[in-house]
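Engineer: Using only what follows, build the 3D model:
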Amino acid sequence: MAIEIIMPKVDMDQETGTISEWKKHNGDQVKEGETILVIETAKVAIDVEAPATGTVSGITAKPGEVIPIATVIGYILGPGESQPAGASTPAKQISEKPVESTKIAAVVEATPVARNMAQAVGLELGALKGSGPQGKITRQDVELAMAASGTDLSSGKINATPAARRIALEMGVNLDEISGSGPAQRIQACDVARYKPASAQGFASARQEDEIIPLMGMRATIAQRLTMSYQTIPHIKFVSRINMSSFNQTRASLNVYAEKTGGVKISATAMFVKIVAAALTRHPYLNASLKNDTINLHRDIHMGVAVALDTGLIVPVVHDATKKSISQIALEIKELAENARLGQLQPSNVSGGTFTISNLGPFGVEQFDAIINPPQSAILAIGATQDEVVPVNHELVIRPIMHITLSADHRVVDGAVAAKFLADLKTILETPQILLY
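Structural biologist: This is a model prediction of the structure:
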């Protein structure tokens, strides 16, 4: 029986997916578990594996097309099988199979990281020699190939993100003419949006044209979700000033120890995640979600950490933050941020958050208000730490002061409840050693 290829649902709030690239075409042989296409959701790009072994047939969706989840977009046929009666006509733009592709392609064994890196820089995995178990290609093998820069290893594929490919397709732009600003000169969505054809360059001196950026993909999702949050959630906001002297001393001591032992460096954000999670254990209404007519008080604490990208904002999640050490959290945040900027996050990395922190202190922002990430009930905005003059024992002294702003959903959180949480958080931030008590 023909096996359906459907647009998968990889995120709880996903309604559609965008076809980024077909790895297999009509008539190609595919093995179960082999990557058959790449889709892009509002958050991440995902490799979709073949649900069975057989021949690809009946592809109906082309790159750049937005498809509702669970829609049938093709079939995998066994020997002697044909498409079901009434199946849609294949999309000609992508279904015509080159003659030379009638052979079964050999499956190259490689780690997921190695496969993603090779795809990002346009390396043909089949030309690499693997150093892993049973000859599996590892990240180190790809890095060596990249360092060697051998032209015989190149697959000739344009190095571009899925979002950049989709925008280029919609704008009718040739990616060959665009210079990439990402890692390994990878073409980003912003590079495509900024591109102007050579024929238009001669008019630049006479008139500067406006830059037009399509509101789509991640940017469109951010616009939709935050507009809904701002219009439907009654935000109440609380500001507190934190003396960061003990915080800074504790972090410095931890990093001295990390340097001596070869451990991971502790970032301020990692300490914020650990401390905020500890405070939330005593204030369940701040770690809650409002869904329909029910308030869900989450038993586990999954901390979302806002990360700024060139194309928008994404919130990777540190799951079970109260059950992890600060060093574990620091390493996880570092890896999540790197993968976010490389476009290599998995759906599990960005789902399930119960509370979010947004730290703009490194950018010099003193204080700001953050919009709640629905369906969560609160978000914490963290500003920069700056020296301020404060009174101590009738004398004026200089202390490092940080401003934090809590935004809470007033439908779930009363003012007094939010104030008590902020008071507890202030106490722990100013005396982090009490976490050991």
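Engineer: Gly130 - nearest residue in space that isn't next to it in sequence?
Structural biologist: Ile137 (3.9 Å; Cβ to Cβ, 6 or more residues apart in numbering). For the C-beta atoms, the positions are set from N, CA and C on the backbone; glycine is no exception.
Engineer: Show me where the stretch 1-150 of the chain has its helices.
Structural biologist: Counting by DSSP state H, counting those that start in this stretch, one finds helices in the stretch 1-150 of the chain at the ranges 92-95, 112-121, 139-148.
Engineer: re earlier: hmm, Ala127 and the residue nearest to Gly130 touching each other?
Structural biologist: No - counting by Cβ atoms under 8 Å, Ile137 sits too far from Ala127 to count as a contact (10.1 Å).
Engineer: Specify which residue of those two has the higher count of neighbours.
Structural biologist: Between Ile137 and Ala127, Ile137 has the larger neighbour count (other Cβ atoms under 10 Å), namely 24 against 14.
Engineer: got a pLDDT number for that one?
Structural biologist: You'll see Ile137 listed with a pLDDT of 81.
Engineer: Next: Gly217.
Structural biologist: The model reports Gly217 with a pLDDT of 65.
Engineer: Then the one 5 residues further on?
Structural biologist: We have a pLDDT of 77 for Ile222.
Engineer: go on, Lys103?
Structural biologist: 34.
Engineer: By mean pLDDT, which helix or strand of the chain comes out lowest?
Structural biologist: helix 92-95 (a mean of 38; mean pLDDT, DSSP states H and E).
Engineer: any idea which residue sits dead centre in this protein?
Structural biologist: Ala340 (4.3 Å; Cα atoms, centre = their mean).
Engineer: thinking in terms of the whole chain, how far from its middle is stretch 16-34?
Structural biologist: Mean-position distance between stretch 16-34 and its chain equals 23 Å (Cα atoms, centre = their mean, to the nearest Å).
Engineer: Check the contact between Phe421 and Val276; I expect there is one.
Structural biologist: No - counting by Cβ under 8 Å, Phe421 stays clear of Val276, with 9.5 Å between them.
Engineer: and for the two, which residues touch both?
Structural biologist: By Cβ atoms under 8 Å, 6 or more residues apart in numbering, Phe421 and Val276 have no common neighbours.
Engineer: and Ile73, how many neighbours?
Structural biologist: There are 23 residues near Ile73, going by other Cβ under 10 Å.
Engineer: For burial, what's the neighbour tally of the closest residue to it other than its chain neighbours?
Structural biologist: Nearest in space to Ile73, with sequence neighbours left out and distances taken as Cβ to Cβ, 6+ apart, is Ala61 at 4.4 Å. Applying other Cβ under 10 Å, we find 24 other residues in the vicinity of Ala61.
Engineer: Kindly report the same for Leu429.
Structural biologist: Leu429 has 22 neighbouring residues, counting by other Cβ under 10 Å.
Engineer: before we move on, could you check phi and psi at it?
Structural biologist: With angles defined as degrees, to the nearest 10, Leu429 sits at phi -60, psi -40.
Engineer: Okay, and the spatially closest residue to it that is not a sequence neighbour sits in which element?
Structural biologist: Nearest residue to Leu429 in three dimensions, chain neighbours excluded: Ile242, at 4.9 Å (Cβ to Cβ, 6+ apart). Using DSSP states H and E, Ile242 sits in strand 235-243.
Engineer: Direction included, what does that strand pair against?
Structural biologist: strand 395-409 (antiparallel) (DSSP bridges).
Engineer: Quick one: mean pLDDT over the partner strand.
Structural biologist: The average of the pLDDT scores along strand 395-409 is 96.
Engineer: So the residue nearest to the centre of the chain, which state does it fall into?
Structural biologist: Secondary structure state of Ala340, per DSSP: H, G, I helix; E, B strand; the rest coil, is helix.
Engineer: Is there a neighbour count for Asn292? I'd like the number.
Structural biologist: Applying other Cβ under 10 Å, we find 5 residues neighbouring Asn292.
Engineer: ugh, wrong one, I meant Arg186
Structural biologist: For Arg186, using other Cβ under 10 Å, the count is 19.
Engineer: Now do the strands in the stretch 251-400 of the chain.
Structural biologist: Along the stretch 251-400 of the chain, counting by DSSP state E, counting those that start in this stretch, strands occupy 288-291, 294-297, 303-305, 307-309, 312-314, 317-318, 355-359, 378-392, 395-409.
Engineer: can you give me how far the strand holding Ile242 is from the chain middle?
Structural biologist: Distance of strand 235-243 from its chain centroid, counting by Cα atoms, centre = their mean, is 28 Å.
Engineer: how about that strand as CSV, C-alpha atoms only?
Structural biologist: Provided in CSV are the C-alpha atoms of strand 235-243 (Å, rounded to 0.1, in the frame of the first residue of the first chain):
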residue,chain,number,x,y,z
HIS,A,235,0.1,43.5,31.6
ILE,A,236,1.0,44.7,35.1
LYS,A,237,4.6,45.8,35.6
PHE,A,238,6.9,46.0,38.6
VAL,A,239,10.4,47.4,38.8
SER,A,240,13.1,46.6,41.3
ARG,A,241,16.6,47.9,41.9
ILE,A,242,19.1,45.2,42.7
ASN,A,243,22.5,45.6,44.4
